[in-house]
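Undergrad: The sequence and its predicted three-dimensional model are supplied below.
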Number of protein chains: 2
Amino acid sequence: MRRWNGWGDDTYSLPVQPQALQFLQQRIGNAIPFSDASWEQVCAQVPPGRLPAHPLIDTSAATRVRYSRGQSLPDWLALRYGRIAHFPDGVAFPESSADVSTLLAWAKQHSVALIPYGGGTSVAGHINVVDNAQPVLTVVMQRMCQLISLDRQSQLASFGAGVFGPDLEAQLRAHGYTLGHFPQSFEYSTLGGWVVTRSSGQQSLRYGRIEQLFAGGRLETPAGSLQLPTFPASAAGPDLREWVLGSEGRLGILTEATVRISPLPQQEAFHAVFFPDWEQAQAAVQQIAQSKLPLSMLRLSNATETLTSLTLAGHASLIRWLERYLSLRNCKEQKCLLLIGASGGRAQVSAAICAALAIAGLHRGVHIGKTMGEKWKQGRFRNVYLRNTLWQHGYAIDTVETACDWPKVRTMMQGVELAAQQSFAEFGEQVHTYTHLSHLYAQGASVYTTFVFRLSGDYETDLARWTSLKAKVSETIVRLGGTISHQHGVGRDHAPYLQAEKGELGLSALRAMARHFDPDQRMNPGKLFDTAQDAS
Amino acid sequence: MRRWNGWGDDTYSLPVQPQALQFLQQRIGNAIPFSDASWEQVCAQVPPGRLPAHPLIDTSAATRVRYSRGQSLPDWLALRYGRIAHFPDGVAFPESSADVSTLLAWAKQHSVALIPYGGGTSVAGHINVVDNAQPVLTVVMQRMCQLISLDRQSQLASFGAGVFGPDLEAQLRAHGYTLGHFPQSFEYSTLGGWVVTRSSGQQSLRYGRIEQLFAGGRLETPAGSLQLPTFPASAAGPDLREWVLGSEGRLGILTEATVRISPLPQQEAFHAVFFPDWEQAQAAVQQIAQSKLPLSMLRLSNATETLTSLTLAGHASLIRWLERYLSLRNCKEQKCLLLIGASGGRAQVSAAICAALAIAGLHRGVHIGKTMGEKWKQGRFRNVYLRNTLWQHGYAIDTVETACDWPKVRTMMQGVELAAQQSFAEFGEQVHTYTHLSHLYAQGASVYTTFVFRLSGDYETDLARWTSLKAKVSETIVRLGGTISHQHGVGRDHAPYLQAEKGELGLSALRAMARHFDPDQRMNPGKLFDTAQDAS
C-alpha cells in the first residue's frame, strides 16, 4: 500500500549502506533518529468536515489525511511530526468528465473551494489546503485512468487524465507504443499532473517535455468545458494548450488528455563517461546538446554528486578499481560523471552514442561503458526511496531545480549550493549539497541541486531551517537569472518568485485569465499566485 | 523598389513560358488582360488624414497607400482595381521601444487605433484598416532591424522585431550563424511578423517553427511593457511567449525578439523522389516523418501540382526524357513529387538522406537525384513572382493552407480542391487547383492548396468569386477537422472560423486577454476576432 507519510509503496525499502551513513556523518554530523507521529494520532486530529453529503465525496478522516499533503519537505515535516495544519473537508473520486462538471456546479452552489489532485507527488505545495476560510474539496482524478482512444496513424492516444505513469505505459505497451515521459515521480504521478505542472521526463531529449507531448484534451472549468482539438501544428492565434500547461488547477480540472506517442524503441542504451573536472564536462555537454544528435538523455553530475553516487552505490572494492583506472586517465577528486542515453533503431542508437562519445573525447571524457548507465536505469525510480530510509536515520533530503542559459549555468550551480550552505550555517548546521544538470538544451540546462541535512526532532526548528533554505535558494535562482522551476511547477512554495520572471503585467494577466475561467476563484486558491491579490 | 500593388521588387519579373500559358488556357480558358489602376489614381483617392501632427508620423498620401494593404487576393483586387476602401490616417516609423511606447500613449490621448506592420506580406488581412470609425495609425516596424546582442554560448540572438528575413540572416551569417526560418515570404517578411502570426519556415523540420525559435522579447502594450526573459525551458506557470505568439497585434507591439540560432550548416542537400501515386507517396512521407530522422524539409506535391510544376518548369525536352524514364518505373499520370532536404554536418546529411530514400524505396519511390531539389531551392523565393506575371495575363493565384492529423489528410486535400471547383462552377468558371504537403509531422501534415483562375476585369465580380471561394474552402477545412491556419495566421479573413477550433469559451478567453493588455481595444481592431463582440 502507498505510504501515507513518505515515498512510495510500504512493501519496499531501500537500505542505506553503512559506508553511506558514515560518509554523511563525516560531512554533516551524526543525526539522532526520532519517532514519527502515528497514523492514528494524525487521524485523530482531523476536525469535523463542513461539506454537505454527496455520493461522490468521501469525508472519512482517513481519506482526508491521505490526500492532505504532497511530497515537499514541509509536507513531510507536517506528516511526520503530525502537524498537518489543514485537511480537505472531503475527497471526491470522479469517474468521468460529467462527474467533474457535477462537482464544479455543486461546489459553486455550496461555496466550496476545489483542489485538483493527480498523484500527490507535488514538491511545491500544489495540493495543500492553504486557506481554510471556506470548505475545501479535493478532487482525486485517479479513477479516470482509461485509454480512451488510440490513433496509430497519427500516433495519438487519449487517456483519462488521472492515469498513473506505469498504467499509462502498460496500456500503450500492449499496442507497441510508449509515451516516453519518465519524471522521477513516474510511478506515482499522473498524466494530468504532468500537463498542468509542465513536467519534464528523464528522456525528454528524445520524446520532448510534456509541452511537446500534450496534443489536446478537455478541461472542465467553472465557466464551462474547454475542448482542445488536436492539430499537428497551427497558426490560428495563441495556443490554448499552452494556457492549460502550467495552469496548476487555477482554470479548471483537466479530465482527458491526448498525447503524442512513439513506437516502442528497438533499443535503449545508457553509457557513462567521466571527465577530469566540471569545466571539461560542461563544455562537452554543451557541445553535445548543440549538435542536435538524436540522443534521449544527458545527465551530468558535478564532482560532489559523482562522489556521493559512487559512495552510496555500494560495491566498494569495484568502485576502488574504477577510481584507480580513472585516476590514471586524469579523472581524480574533481571527476564528473556524465550519463548519455539513446533510444530508437539499433543503428540510430549506436551512431548517436558514437557521435556523442567522440565529442566527449575531445573534452578528455573517459568512456567506461554501459554498466553504470544500466544501473542508473534500473534504479531510477528506486533511488527516491532513500528519502524514507535516511529520514529513519535522522536525515532529510530536499531538492531544488531551475534552468538557465549556458553562461549562467556554472554560477547558478555554485550560487545555489553556497546559498544553502550559508543558510544552514546560520543555524550552526551543515548541509551536504550536490548538483546535476538533468536536462540539456542548446540554449542552456536545468540545474538540479540536492540538499542532505540533519533533522532536529523539533517541528518548528526544522520548518524554520527549511523556510530559510527555500528563501535563500529561491532568491539566488531569481538573482542569477534562472526560472523558479524547470520541472516541478510553482504551487505554493514558488509563488512568491513568479513575478520576477513574469513581470507585474504578466502576472496580472495570468490572474485575469484565471478569473475568466473561474470568476469565483474557487479553483486551487493560493497556488501559482496569491488569491488575495487576485481582486486587484 | 518594392512594388506597391504586387509582389516583390519592381526590377525583377519572372516570365511565363508560352507552354505554361497554353496549359492554363486548356484547363481554365483564355483570359483577357486588363489594365490596373495607376499609382496616381490611387493616391488621388486618399482622403485627408485625421491625425494631429507628430514627428514620428508620415501622413502623406503616398505613404498611406504603400502601407494600406497586404498580399491577400482581396488586397490585390483592391490595389489593382483601385478600390482600397480605407487608408490609415498616418504611418509611423519608430526606431526604438521608447518610440513605440510614446506612440501608444499618444494614440490613447487622441483616441487612435493602431495597426502594427511588419513586412506587409500578410495573406489574411492582418494589416488592413477594417474599421474607419476612429483614426488609424499604422506602425511600421522596419527601422527596428538591428542585431542587439548575440550570445554564442546559448546560441541566442536579439533583434529589433522589424528586421526583414534577408537582413536577419545576413547579420547572423557574419557571425557564422543562421536562424533557419525560411517562409516563402522570407524576403519581405519580418521577425516580429513571424512571431505574432506563428509562421513556419520551409526547413522547420530541422529548425522548428517560429514557436520553437522565439526565446523571449519585449512587447509594448497599452497596459505597459511585457518583458519575456529567456530560459531554455520552464515549468513556472503558463508560458507568456505563447500568448505573444499568434497575438496578431491585439495585445501590443513586439519591439524586440530573441531567437534561437544555429551554426551555419556545413552542407544542405535537396533530393527529389517520384512516387507512382498519392497513396504510395503519403505512406512514405508519413513513415519518414515518424522516423524522427534529422531532415530539414519534406514537401510532397500531389499529381496535379507535380504536372503543373513540370509544365511550368520550361526545359520541355529534358522533362520529356525524365517522364519517359519515370514511366518505365511506373510513375505515370498519377506521379507525385517529393522533395527531401537535410542540413548539417556532411555525415549527418548523407545518413539522413540515405535513410529517407530507403523508406521512400519501400513505397516504390524513384530517386532522381539532386537537380530538381537544387532548382527548387534556387527558385523558392522567386516562384511567388509568377503572381505578378500571371495577373498581367489575366489570371489570379490564391492559396489556402491548413493542417490536420494523418487520417484526415487525403480527405482534406480532396475536399478543399473540390470545394474550390464547386465554388467557381457556380459562377460558370473553372479553377485549376493543386496541393502539396509543405510541413510534415509525426502527427499529420499541413495541406497547402493553390488556385489559379481567370480574372473578370470587374472588381465586384472578382471579389464575389473570391468571397465564395474563401467561404466554401474555409467551411470545408473546419468541417473536415483542420485548423483554419497552419502558417498564415488568422487576421481578418480567417476570424469567422476561429471559434470552430477555440470554442466559445476559448475565444472569449482570448478576448479577455486582449482586453487585459489593451483595455480600450485600440490594438489592431477586428483582427483575430471581431472587436464588435469584445464587449461581451
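TA: Yep, it's here. Keep in mind it's a predicted model, so treat the numbers as computed, not measured. Numbering: from 1, shown residues only, chains lettered A, B, ... in the order given.
Undergrad: Tally up the residues packed near residue A:292, please.
TA: Neighbourhood size, residue A:292 [other CB atoms under 10 Å in any protein chain shown]: 15. C-betas here are computed from N, CA, C, even on glycine.
Undergrad: In stretch A:52-60, which residues are buried?
TA: Of the residues in stretch A:52-60, A:54, A:56, A:57, A:58, A:59 count as buried by neighbour count, 16 or more other CB atoms under 10 Å in any protein chain shown.
Undergrad: repeat for stretch A:449-467
TA: Residues of stretch A:449-467 classed as buried: A:449-456, A:459, A:462-463, A:465-466 (neighbour count, 16+ other CB under 10 Å).
Undergrad: Can you tell me what sits against that stretch?
TA: A:24, A:27-29, A:31-32, A:34, A:73-74, A:77, A:81, A:83, A:305, A:390-391, A:394-401, A:413, A:416-417, A:420, A:423-424, A:427, A:429-435, A:469, A:473 (CB atoms under 8 Å, 6 or more residues apart in numbering or on different chains).
Undergrad: Which members of the buried residues of stretch A:52-60 define the maximum pairwise distance?
TA: Greatest spatial distance in these: A:56 and A:59, 11.2 Å, computed using CB to CB.
Undergrad: which SS state does residue A:247 fall under?
TA: Under DSSP: H, G, I helix; E, B strand; the rest coil, residue A:247 falls in the coil class.
Undergrad: same check, this time on residue A:53
TA: The assignment at residue A:53 comes out as coil when based on three-state DSSP.
Undergrad: State the distance from it to residue A:106.
TA: Distance, residue A:53 to residue A:106, by CB to CB, to the nearest Å: 11 Å.
Undergrad: just residue A:176 next, same as before
TA: Where residue A:106 is concerned, residue A:176 sits at a distance of 41 Å (CB to CB).
Undergrad: Show me which of those two is the more surrounded one.
TA: Neighbour count, other CB under 10 Å: between residue A:176 and residue A:106, residue A:106 has more, with 18 against 11.
Undergrad: Tell me the spacing between the residue of chain A most remote from its centre and residue A:276.
TA: What lies farthest from the middle of chain A is residue A:328; by CA atoms, centre = their mean that is 37.8 Å. Distance, residue A:328 to residue A:276, by CB to CB: 12 Å.
Undergrad: Also residue A:488?
TA: Taking CB to CB as the measure, residue A:488 falls 32 Å from residue A:276.
Undergrad: For the two, work out which one has more neighbours and name it.
TA: Taking other CB under 10 Å, residue A:488 and residue A:276 do not tie; residue A:488 has more neighbours (28 against 21).
Undergrad: OK, contacts around that one?
TA: Residues near residue A:488 by CB under 8 Å, 6+ apart: A:122, A:123, A:124, A:197, A:401, A:494, B:235.
Undergrad: from those, which two are the most distant?
TA: A:122 and A:401 (13.6 Å).
Undergrad: if we can go back for a sec, just send the buried residues of stretch A:52-60 back as JSON lines, with pLDDT and distance to residue A:223 too.
TA: Below are the buried residues of stretch A:52-60 laid out as JSON lines (pLDDT from 0 to 100; distance: CB to CB, whole Å):
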{"residue": "A:54", "pLDDT": "96", "distance to residue A:223": "22"}
{"residue": "A:56", "pLDDT": "96", "distance to residue A:223": "21"}
{"residue": "A:57", "pLDDT": "98", "distance to residue A:223": "23"}
{"residue": "A:58", "pLDDT": "98", "distance to residue A:223": "27"}
{"residue": "A:59", "pLDDT": "98", "distance to residue A:223": "27"}
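Undergrad: now, which of the residues you listed lie within strands?
TA: Among these, the members falling in strands (DSSP state E) are A:57, A:58.
Undergrad: In TSV, list the buried residues of stretch A:52-60 along with distance to residue A:349.
TA: Shown next, in TSV, are the buried residues of stretch A:52-60 (distance: CB to CB, whole Å):
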residue	distance to residue A:349
A:54	52
A:56	47
A:57	49
A:58	47
A:59	52
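Undergrad: What is the nearest of the buried residues of stretch A:52-60 to chain B?
TA: Taking CB to the nearest CB as the measure, chain B lies nearest residue A:56 of the buried residues of stretch A:52-60, at 23.8 Å.
Undergrad: Next up, the contacts around the closest residue to residue A:144 other than its chain neighbours.
TA: Excluding the flanking residues, the one nearest residue A:144 by CB to CB, 6 or more residues apart in numbering or on different chains is residue A:160, at 3.1 Å. Taking CB under 8 Å, 6+ apart, we find residue A:160 in contact with A:141, A:143, A:144, A:145, A:146, A:148, A:255, A:256.
Undergrad: of those, closest to residue B:369?
TA: Among these, residue A:148 lies closest to residue B:369 (CB to CB), at 46.3 Å.
Undergrad: Name the nearest residue to the closest one, sequence neighbours excluded.
TA: The shortest distance from residue A:148 to any non-neighbouring residue, by CB to CB, 6+ apart, is to residue A:158 (4.2 Å).
Undergrad: cool, and residue A:255?
TA: Nearest non-adjacent residue to residue A:255, counting by CB to CB, 6+ apart: residue A:97, 4.2 Å away.
Undergrad: what packs against the helix or strand harbouring residue A:355?
TA: For residue A:355, the element it lies in under DSSP states H and E is helix A:346-362. Counting contacts by 3 or more CB pairs under 8 Å, 6 or more residues apart in numbering or on different chains; DSSP states H and E, helix A:346-362 packs against strand A:267-275, helix A:278-290, strand A:336-344, strand A:366-369.
Undergrad: Of all the ones you listed, which one is nearest residue B:337?
TA: Closest to residue B:337 of the helices and strands packed on helix A:346-362, according to CB to CB: strand A:336-344, at 28.8 Å.
Undergrad: Can you give the strand pairings for that closest one, parallel or anti for each?
TA: Partners of strand A:336-344 in the sheet, by DSSP bridges, are strand A:267-275 (antiparallel), strand A:297-301 (antiparallel).
Undergrad: mind showing which ranges of the stretch 151-300 of chain A have poor pLDDT?
TA: In the prediction, the stretch 151-300 of chain A carries no residues with pLDDT under 70.
Undergrad: Which parts of it are helices?
TA: Taking DSSP state H, counting those that start in this stretch as the criterion, the stretch 151-300 of chain A carries its helices at A:165-173, A:191-197, A:204-207, A:210-213, A:241-244, A:278-290.
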